[in-house]
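# What follows is a predicted protein model with its sequence.
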There are 4 protein chains.
Amino acid sequence: MGKGMECSENSQTNMKVIHGEAGYVLEDVPHLTDFLPDLPTFQNPLQFNPAYSVVKQYFVNVDDSVAQKIVVHKDSPRGVHFRRTGPRQKIYFDSDEVHACIVTCGGLCPGLNTVIREIVCGLYHMYGVNKILGIDGGYRGFYAKNTVPLTPKIVDDIHKRGGTILGTSRGGHDTSKIVDSIQDRGINQVYIIGGDGTQKGAAVIFEEIRRRGLKVAVAGIPKTIDNDIPVIDKSFGFDTAVEEAQRAINAAHVEAGSFENGLGVVKLMGRYSGFIAMYATLASRDVDCCLIPESPFYLEGKGGLFEYIEKRLKENGHMVIVIAEGAGLDLLSESFQNTDLKDASGNKLLPDVGLWLSQRIKDYFSGQQKMVINLKHIDPTYMIRAIPGNASDNVYSTLLSHSAVHGAMAGYTGFVVGPVNGRHAMIPFNRITEKQNKVVITDRMWARVLASTNQPSFLNPKDFIEKEEPQTQTQLEDGGKY
Amino acid sequence: MGKGMECSENSQTNMKVIHGEAGYVLEDVPHLTDFLPDLPTFQNPLQFNPAYSVVKQYFVNVDDSVAQKIVVHKDSPRGVHFRRTGPRQKIYFDSDEVHACIVTCGGLCPGLNTVIREIVCGLYHMYGVNKILGIDGGYRGFYAKNTVPLTPKIVDDIHKRGGTILGTSRGGHDTSKIVDSIQDRGINQVYIIGGDGTQKGAAVIFEEIRRRGLKVAVAGIPKTIDNDIPVIDKSFGFDTAVEEAQRAINAAHVEAGSFENGLGVVKLMGRYSGFIAMYATLASRDVDCCLIPESPFYLEGKGGLFEYIEKRLKENGHMVIVIAEGAGLDLLSESFQNTDLKDASGNKLLPDVGLWLSQRIKDYFSGQQKMVINLKHIDPTYMIRAIPGNASDNVYSTLLSHSAVHGAMAGYTGFVVGPVNGRHAMIPFNRITEKQNKVVITDRMWARVLASTNQPSFLNPKDFIEKEEPQTQTQLEDGGKY
Amino acid sequence: MGKGMECSENSQTNMKVIHGEAGYVLEDVPHLTDFLPDLPTFQNPLQFNPAYSVVKQYFVNVDDSVAQKIVVHKDSPRGVHFRRTGPRQKIYFDSDEVHACIVTCGGLCPGLNTVIREIVCGLYHMYGVNKILGIDGGYRGFYAKNTVPLTPKIVDDIHKRGGTILGTSRGGHDTSKIVDSIQDRGINQVYIIGGDGTQKGAAVIFEEIRRRGLKVAVAGIPKTIDNDIPVIDKSFGFDTAVEEAQRAINAAHVEAGSFENGLGVVKLMGRYSGFIAMYATLASRDVDCCLIPESPFYLEGKGGLFEYIEKRLKENGHMVIVIAEGAGLDLLSESFQNTDLKDASGNKLLPDVGLWLSQRIKDYFSGQQKMVINLKHIDPTYMIRAIPGNASDNVYSTLLSHSAVHGAMAGYTGFVVGPVNGRHAMIPFNRITEKQNKVVITDRMWARVLASTNQPSFLNPKDFIEKEEPQTQTQLEDGGKY
Amino acid sequence: MGKGMECSENSQTNMKVIHGEAGYVLEDVPHLTDFLPDLPTFQNPLQFNPAYSVVKQYFVNVDDSVAQKIVVHKDSPRGVHFRRTGPRQKIYFDSDEVHACIVTCGGLCPGLNTVIREIVCGLYHMYGVNKILGIDGGYRGFYAKNTVPLTPKIVDDIHKRGGTILGTSRGGHDTSKIVDSIQDRGINQVYIIGGDGTQKGAAVIFEEIRRRGLKVAVAGIPKTIDNDIPVIDKSFGFDTAVEEAQRAINAAHVEAGSFENGLGVVKLMGRYSGFIAMYATLASRDVDCCLIPESPFYLEGKGGLFEYIEKRLKENGHMVIVIAEGAGLDLLSESFQNTDLKDASGNKLLPDVGLWLSQRIKDYFSGQQKMVINLKHIDPTYMIRAIPGNASDNVYSTLLSHSAVHGAMAGYTGFVVGPVNGRHAMIPFNRITEKQNKVVITDRMWARVLASTNQPSFLNPKDFIEKEEPQTQTQLEDGGKY
């Protein structure tokens, strides 16, 4: 850690915040020496690796930090920074001593296998580590299943396959049993690949490890196909997902265009944020209406969705609607409150927003409107999630994995990795889990979507301004990224 | 027509059946001269076309016929033949006189635009015809909409797009108004692209034209993505559909393999026949169970589907089920008879076999079995229908279109075109519409599927033999094609 | 063999030709009992296989034959037939006794791995055979390399990969050593996957085996991406190749269209026949000129290629030329006769027709014409060969493999398998190797290409008729397939 | 311009450099008011646009700048910044007055049509501009050809097509005639899409416009598929190119793996920099050796390429080499100096590095080594260039275009647009054209490639350090981006 900085550690949130001159702030991540001050260090073996020996200044300066805010004025305060990731001259694990494990949790995402592959290959080729375990089927695999050994040979081809070779699961787990298993098996590096909930779990695991005073580094690789992780530029698999979503939109466009009053409805991923819907709409340009969780809408009456659909069909004869899975959930729960939609066995059917919206539109037009429409609903979710990462996501996933490996080897722990304005950094857990990265409807990208679709904003601008809350994310301070 | 053959025309069915020696039978198609005996003939302009002038024996002999039965013994009767399609030396339309129209009906199918393109280009480039109309939005477009002019320039690029540029529709129409429109507009060649129902409509239109004594040739191009048209080898778009279905099966395979007790259910097209499901299963080999309309199955009890699923999950940890949309409809209607599954507006929800089966499986395992499964349902139907034809279907669609054009120019009418054992022929309407081309479960291809999936046959072989009915289709006489 | 037929065996060519009534001819394949008359027979185990037990008439009648000529007149002689392939009630190998081997020779072709997979799985699942060897690296692998054991588990996923897992090679081999190895290892079924030259080699191996009186069945699976195998409908991998070739043609079309006087030249496979070039041209329709080995052309002077290029560029601004690798070889050898094109090491550079033609065109326009053109040459050959088979080729390859397995198990030998008019048959070696399956320029498909490109025929029709030779192939008798 | 900053304009280079506190530097771009100080301003119509009205803080602060250096220490100087792009409250063109033109120059690149589309749609939808011309066929089109009118309707679908609808060309042009044409036609916004050479031309055009005192804004959109443009994060089309390059590498991998001593050589784009080769190698991981222009190599002797190939073939049986088109040019020119490689017409053949290297390898192994190898050379260049942009490049190209439009409307001129650490900025011409963006072999990405391929570095580390030159690019200061 740099000398001469003021460092305040908030024991409540475990945040290490370091202040410098001219408003410089470093939100630092924990280091093993924070609670194990006497750890020995080792020379990084990378300097003897022929591949890396050609790289001048290969090692990152231990004090390098990455600025979160880069749109500035002359007099702007320098703002928040994160500790840069990358190889350090001094490392805190001897290669022979490392016993790493990898676990994948939550839903599928293109690139998962690449991340696994590159943690294994990175540890092996860069640091000479060869004790690496895979945890089978998510967090519960730590105590409920056998582990699987991972070697470069075993993972050699897996980046060309979708899914995760380790298996995954959602839901509950027992932190104490996990840390017991880590301790009992002698694991000292834990790589956790998963989304919001998973990283919250990782934070708790890290706390328990710290409480027990174990020399175990915990590194998170944030995963969400929805791209709704704050701070970092984007999550792996997102590019691939947007690319593949084009296919469904194209199909909807063709179906809609071939029938009188043809209407294609495409449901895309995005429970809390509409990034995939928004980017796929922009990339495709065949979409007439894009509905996302962040932007409320209403169906009936003046300025509502039904009115817009009717107008488009009359003008154009067909239209395409893209809806993120979390859009309109307020309307949907209203709609289902008073009905008794159950299956043959008496189970309440889960409302799916794509099916729900499709049915509502059909009802509207077959009802009072007496207008024959041809609606086709397409849900490509599982076809998108299951493909392997594209080239761009493959390279990106490699960098993420190597960042995590360098961080853990250098003794950092309790962090997730990710690019901040293009440079990979280590970010404290709480910055990732405290809030969602939302497409804020005041963002310029959202304006671009509205302009490209010509859809109504479904907003009374006056209302909007009143409801507005103070913003805290840099990305939003300047009206979006671009 | 060949001389010296016995010809019997059954006025009831309008079939022209010609008998020859050694059991030779020709099921012929109508010719304009059958009811307009004094029509003049013209020299086929193709003989002056530089492209075609190099072809020796370019013209088809007027008596060429195509054998339907080609697996024979030494003493086999020669069996049924169909009139071969192709250019004739003598034609019954002067190029300047031709006024053609094209209509597409029913659902989308890869290759539709290629068929349209090649009727236009075939008429124009081979016969110098330049009055070609497109009928907008299916049969009703004859009287309810404006027509669109079609030229080689307009259709130049359309084979690279999915859907149909003419628009399509399903359902009712008024034959009399259609023939009025044909007569009023002076149309004398009608090309009708559509499935079973559409060709039945075409047969009625043909009858009405014949009744009115109009010089109008009616040619059908059979269209069904399901491949369930009898007599002909396969329908256009089928290859493309099977190819694209692989994508969904791959996704199901990845999803299933990544979760504990993962189960991927893929619903594919096939209302009355399971060709797409069967071929996609064989091509992919990642499928553990393929359910088709032709092969009944049951869910519960010994030898049932649930038992098989449980067994596979215990052995393998995951499985993939492919189900054709028309499979298990008997079970499904039982299931829905006593329930009251309605949406918010009180409409009875249409049962979808994929969703229904998925729910039944979930209920079964969450119920008595207390087994946690991870089921993912994928329905790629609209994503498959909407893509353009692949290269193979493009070439095939071209040949179909040219066959129809040659037939109509030569004065034949009331026929559909299609390959019989690889050679294109003209087939009377009634042979196409009288029965479905079913994957019969006694076919060897079905045995191959069963062998590849190792699924149970869900059949009591004894029962099966008792229920057996006499078979009439050549394809089945020899236990299938291969 | 059917009783009561006349059978004449020509010992020179080893052909078994059987004559029946009404001009029926069966060109039969050898059977082990022809030279080992006392072989015992066994019950086919398929009748006890649950998957196959549902199939009525599962077994093929031993006398089934497939007609080669199916476009007939009332009085046509019945013509040549081939023995139908498929499972027989009686087989000549006990499952435990079978020791099979598989070898792949020659260039890559999509679907190779599917063929290997399905011979292994077919033998295993249908007949319970589990001694199957892979020969490594083509014919020489029989004596120069170790064999590799093949099981259903090993080949499970290989159909999704391009290439051949067995490796392949071209060129010389020692028949005697191969048969020694077969004898020494106790192999009694030899599956040989390869093209024209390979099947000639197989015929010689078969002769040597017969000479030694070994109970060894030799079955060939014909392989050529070029589709130039006579008698059979098409070769595996061809569909996939045409599909993939579209990609290169599209690229050429875009490049040509973006530059002034843009000219895209695409070289495709086809040493002796232009099937790929012809079908890819027809499927794409973006091609202005298609050059194939069967249709000679000339560059300079009136009616020559240069004149046509100049005309197209002036009219249209750009053009796309597709050339098969064997087209224009006469011109090319003239061109290189007097030059001394050698590389730095003094080796004579092999002339590649695509590069050669591109250079000649550039020279012509930069020379006397002083016309600036933008020529781009694209050679996608290796990118096409190396992809896995598409769904259609996967299913087709499966049928080929099973046909070979059924034939060998039933004691037939010295044959290749393939569909004749859609039905799979066994064909004597000599019918496959004696001549190439050429796109004859008198074929209607070629006329379609000429019509679609509007290119000159480069032929003086008078010359053409004079040079004409008697035709022997059924496919050509009627001016092509369609 | 912000007040109170020191501004020094270097009239030699036309650079406007503004200095602030703590080492803040702004390298600003010209503004029309620099030489036309009395221009009137207008209210930006975007504030009345319904799509944009929902965006809070839609307008960029006129003083916003983007930091080029974001990896910093506590005491780092703030370094170079660029003026941020985006909509300004005040604009310098009335919508009705704008007369824009677009020109594309140089080679093809995925996304070109998207850039054209979005300049047109951005001007039209955001600013109400409807006088937009396309210049046909590159710079010379300004005076040698007719212009083409561009409207949102005309460009609606072009982003789905490869190439450029405007046509393009390379090479010489007459600046004076171009500016005459701009002046004569009354054009006042010039959008120039092209690479290094094109932007140098744009700088000269800008100087001439400034000299003549015209109110004409000149905006450059940097285009290079090679990604070798300095300062900006990456160029459009690069992602798509790397994705598509995978296809060729996969084919090479399959071909190499199917033959004994199989060797696949893939030539990829990259005249001066090896980004595509490097990223494609990393994404694919099937590559054994990656050769790029920035890293010299030698063929013969100890540590040379031939030795490495021999070693890999002996160990592994096959290998894949990726070579960028500009790699090894030094060796190649040596090689060709003394030979006389000419074609039939006496033209010196252009040396292609892929063909050259392939021949050298063949010579080596057929020569002294007497080792039979199977080498396949694949050059996918034109198949990569000609495809349309993928989703990621489509969105990126949109942002680039809108950035250019906002900049020009706000009166900035003589700039190119591009993202700097993820935020779009305006960059003075000279920063883009002065030097190439090279993969410096001291970069960590290059180390990753070396580690992934295990290839030798072909470097004597001692030599390397001696030859080292002072570095000026931020990207390199910290050992690369990640």
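Sure, I can see it. Numbering: from 1, shown residues only, chains lettered A, B, ... in the order given.

# quick one, what contacts A:Asn146?
If a contact means Cβ atoms under 8 Å, 6 or more residues apart in numbering or on different chains, then A:Asn146 has A:Asp136 as its contacts. C-betas here are computed from N, CA, C, even on glycine.

# where does it land on pLDDT?
Predicted confidence (pLDDT) at A:Asn146: the value is 94.

# Tell me how many other residues surround A:Asp174.
With neighbours defined by other Cβ atoms under 10 Å in any protein chain shown, the count for A:Asp174 comes to 14.

# Could you verify my assumption that it touches A:Ser181?
No. Because the distance of 9.9 Å does not satisfy Cβ atoms under 8 Å, A:Asp174 is recorded as not touching A:Ser181.

# Need the overlap of contacts for the two.
Both A:Asp174 and A:Ser181 are in contact with A:Tyr143, where contact means Cβ under 8 Å, 6+ apart.

# How many neighbouring residues does the residue lying closest to A:Ile192 once chain neighbours are set aside have?
In space, not counting the residues next to it along the chain, A:Ile192 is nearest to A:Ala202; the distance is 4.5 Å by Cβ to Cβ, 6 or more residues apart in numbering or on different chains. By the measure other Cβ under 10 Å, the count of residues near A:Ala202 is 30.

# go on, A:Gly172?
8.

# Spell out, range by range, the strands that occur in the stretch 1-150 of chain A.
In the stretch 1-150 of chain A, the segments counted as strands under DSSP state E, counting those that start in this stretch are A:6-10, A:15-19, A:24-28, A:42-43, A:65-67, A:71-72, A:79-84, A:90-91, A:100-104, A:132-134, A:148-149.

# Output those in a markdown table, with distance to A:Arg423 appended to each entry.
As requested, the strands of the stretch 1-150 of chain A are exported to a markdown table (distance: least, Cβ to Cβ, whole Å):
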| stretch | distance to A:Arg423 |
| --- | --- |
| strand A:6-10 | 22 |
| strand A:15-19 | 18 |
| strand A:24-28 | 14 |
| strand A:42-43 | 25 |
| strand A:65-67 | 5 |
| strand A:71-72 | 16 |
| strand A:79-84 | 6 |
| strand A:90-91 | 21 |
| strand A:100-104 | 24 |
| strand A:132-134 | 27 |
| strand A:148-149 | 34 |
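
# wait, which of those strands is closest to chain D?
For the strands of the stretch 1-150 of chain A, proximity to chain D was assessed by Cβ to the nearest Cβ; strand A:65-67 is nearest, at 4.4 Å.

# Can you name the residues in contact with the closest one?
Counting by Cβ under 8 Å, 6+ apart, the neighbours of strand A:65-67 from elsewhere in the structure are A:26, A:78-84, A:420-421, A:423-425, D:67, D:70-74.

# residue ranges with poor pLDDT in chain A?
Within chain A, the segments meeting pLDDT under 70 span A:1-14, A:56, A:335-350, A:436, A:441-442, A:459-482.

# ok, now with 80
Per-residue confidence for chain A (pLDDT under 80) gives these ranges: A:1-15, A:50-58, A:171-172, A:333-351, A:368-369, A:433-443, A:459-482.

# Neighbours of A:Arg211, how many?
Close neighbours of A:Arg211, defined as other Cβ under 10 Å, add up to 10.

# Against A:Thr175, how distant is it?
11 Å (Cβ to Cβ, to the nearest Å).

# Please, which helix or strand holds A:Leu375?
Using DSSP states H and E, the secondary-structure element containing A:Leu375 is strand A:374-378.

# hmm, that strand touching chain B?
Yes. For strand A:374-378, a contact with chain B is found by Cβ under 8 Å from any Cβ of the partner chain, at A:Lys376, A:His377, A:Ile378.

# I'd like the distance from the second one to D:Phe206, if you could.
Read it as A:His377. In this structure, A:His377 and D:Phe206 are separated by 52 Å, where distance is defined by Cβ to Cβ.

# who has more neighbours, those two?
Using other Cβ under 10 Å, the more surrounded residue of A:His377 and D:Phe206 is D:Phe206, with 25 against 22.

# So which bits of the stretch 1-150 of chain A are right by chain B?
The stretch 1-150 of chain A has residues A:Leu108, A:Gly137 near chain B, with proximity defined as Cβ under 8 Å from any Cβ.

# any idea whether the nearest residue to A:Pro388 once chain neighbours are set aside is helix, strand or coil?
Leaving out its chain neighbours, the residue that sits closest to A:Pro388 by Cβ to Cβ, 6+ apart is A:Gly162, at 4.9 Å. For A:Gly162, the reduced secondary structure class is coil; criterion used: DSSP: H, G, I helix; E, B strand; the rest coil.

# try the one 3 residues further on
Assigned by three-state DSSP, the conformation of A:Ile165 is coil.

# residues touching A:Gly274, list them.
Taking Cβ under 8 Å, 6+ apart, we find A:Gly274 in contact with A:Cys290, A:Leu291, A:Ile292, A:Pro293, A:Glu294, A:Ser295, A:Ala324, A:Gly326, A:Ala327, A:Val439.

# with these in mind, which one is nearest to chain D?
Distance from chain D was checked for each of those by Cβ to the nearest Cβ. The minimum falls on A:Ser295, at 8.5 Å.

# and that closest one, what element?
Using DSSP H and E, A:Ser295 falls within no helix or strand.

# Can you tell me the number of residues neighbouring A:Lys160?
The burial count assigned to A:Lys160 is 17, neighbours taken as other Cβ under 10 Å.

# Could you check how far the closest residue to A:Cys109 other than its chain neighbours is from C:Ala410?
The spatial neighbour of A:Cys109 that comes closest, neighbours along the chain excluded (Cβ to Cβ, 6+ apart), is A:Gly237 at 3.9 Å. Shown here: A:Gly237 relative to C:Ala410, a distance of 52 Å by Cβ to Cβ.

# do the same with A:His81
Taking Cβ to Cβ as the criterion, A:His81 is separated from C:Ala410 by 77 Å.

# for chain A, longest helix please?
Secondary structure assigned by DSSP state H gives helix A:238-258 as the longest helix of chain A.

# angle of that helix against strand A:374-378?
Angular relation of helix A:238-258 and strand A:374-378 on a 0 to 180 degree scale: 160 degrees, by axes from the mean of the first three to the mean of the last three Cα atoms, to 10 degrees.

# Work out the sheet partners of the helix or strand immediately after helix A:238-258 in the chain and label each with its direction, please.
Towards the C-terminus, the helix or strand next in line after helix A:238-258, according to DSSP H and E, is strand A:262-268. Applying DSSP bridges to the sheet, strand A:262-268 is found paired with strand A:318-324 (parallel), strand A:374-378 (parallel).

# which strands and helices sit next to the helix or strand following strand A:262-268?
Moving toward the C-terminus from strand A:262-268, the next helix or strand (DSSP H and E) is helix A:275-284. Using 3 or more Cβ pairs under 8 Å, 6 or more residues apart in numbering or on different chains; DSSP states H and E as the contact criterion, the elements in contact with helix A:275-284 are helix A:238-258, strand A:262-268, strand A:289-291, strand A:318-324, helix A:444-453, helix D:391-409.

# With that, I have no additional questions.
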